[in-house]
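> Test case, fold it:
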Amino acid sequence: MAKALCKAFGNLTVSREEQEKALYTAAASKDVANVRKLIKAGVSATVYRDQENCNFTALHTAAFQGFVEVVKIITE
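Have a look, this model is predicted:
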C-alpha cells in the first residue's frame, strides 16, 4: 500500500489522510526509502493514528518495533 501511494503521491487525488496512512504503513514495515520520501514531501508522522494499534502514530510504531533508522528519519 505505501509503495502504491508513494508512486501516486504526485497525483492530486491522493488525500493528506492517505499520505499519512502510507507513511504509517511504511514506518510499520521498516520501508526506509518511502518513509524518507514521504517525510521529505512534508507528510506528518504524528497526525495519523492507527485505530487498531493503540492509536499509535508512525513515530510510535517505529520506535516500539525498534526501527532506529526510521525513527531518526522521522525526528530529523
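> Which positions within stretch 24-31 qualify as buried?
24-29, 31 (16 or more other CB atoms under 10 Å). Yep, even glycine has a C-beta here, placed from its N, CA and C like the rest.
> quick one: which of the residues you listed is nearest to V70?
V70 lies nearest to A27 out of those, by CB to CB, at 5.2 Å.
> Hmm, A58 and the closest one touching each other?
Yes - with contact defined as CB atoms under 8 Å, A27 counts as touching A58 (3.9 Å).
> hey, what's in contact with both of the two?
Shared contacts of A27 and A58 (CB atoms under 8 Å, 6 or more residues apart in numbering): 35, 45, 74.
> Only whichever of those residues are buried, select them in PyMOL.
Buried subset of those, written as a PyMOL selection, criterion 16+ other CB under 10 Å:
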select buried, resi 35+45+74
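> which residues touch the one residue sitting closest to the centre of the chain?
Most central in the chain under CA atoms, centre = their mean is L23, positioned 1.5 Å from the mean C-alpha point. Taking CB under 8 Å, 6+ apart as the criterion, L23 is in contact with 2, 34-35, 38-39, 43-45, 48, 58.
> Now render those residues as TSV, adding distance to G66.
TSV is the format used below for these (distance: CB to CB, whole Å):
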residue	distance to G66
A2	19
N34	19
V35	15
L38	20
I39	19
V43	22
S44	22
A45	16
Y48	21
A58	14
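> Please list the members of those that lie in helices.
Of the positions in these, 2, 34-35, 38-39, 58 sit in helices, assigned by DSSP state H.
> Tabulate the CA atom coordinates of stretch 57-67 in CSV.
Listed next in CSV are the C-alpha coordinates belonging to stretch 57-67 (Å, rounded to 0.1, in the frame of the first residue of the first chain):
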residue,chain,number,x,y,z
THR,A,57,1.4,7.2,15.1
ALA,A,58,4.1,6.3,12.5
LEU,A,59,6.7,7.5,15.1
HIS,A,60,5.2,5.4,17.9
THR,A,61,5.1,2.2,15.8
ALA,A,62,8.7,2.6,14.5
ALA,A,63,10.0,3.3,18.0
PHE,A,64,8.0,0.4,19.5
GLN,A,65,9.4,-2.0,17.0
GLY,A,66,12.9,-0.8,17.4
PHE,A,67,13.3,0.6,13.8
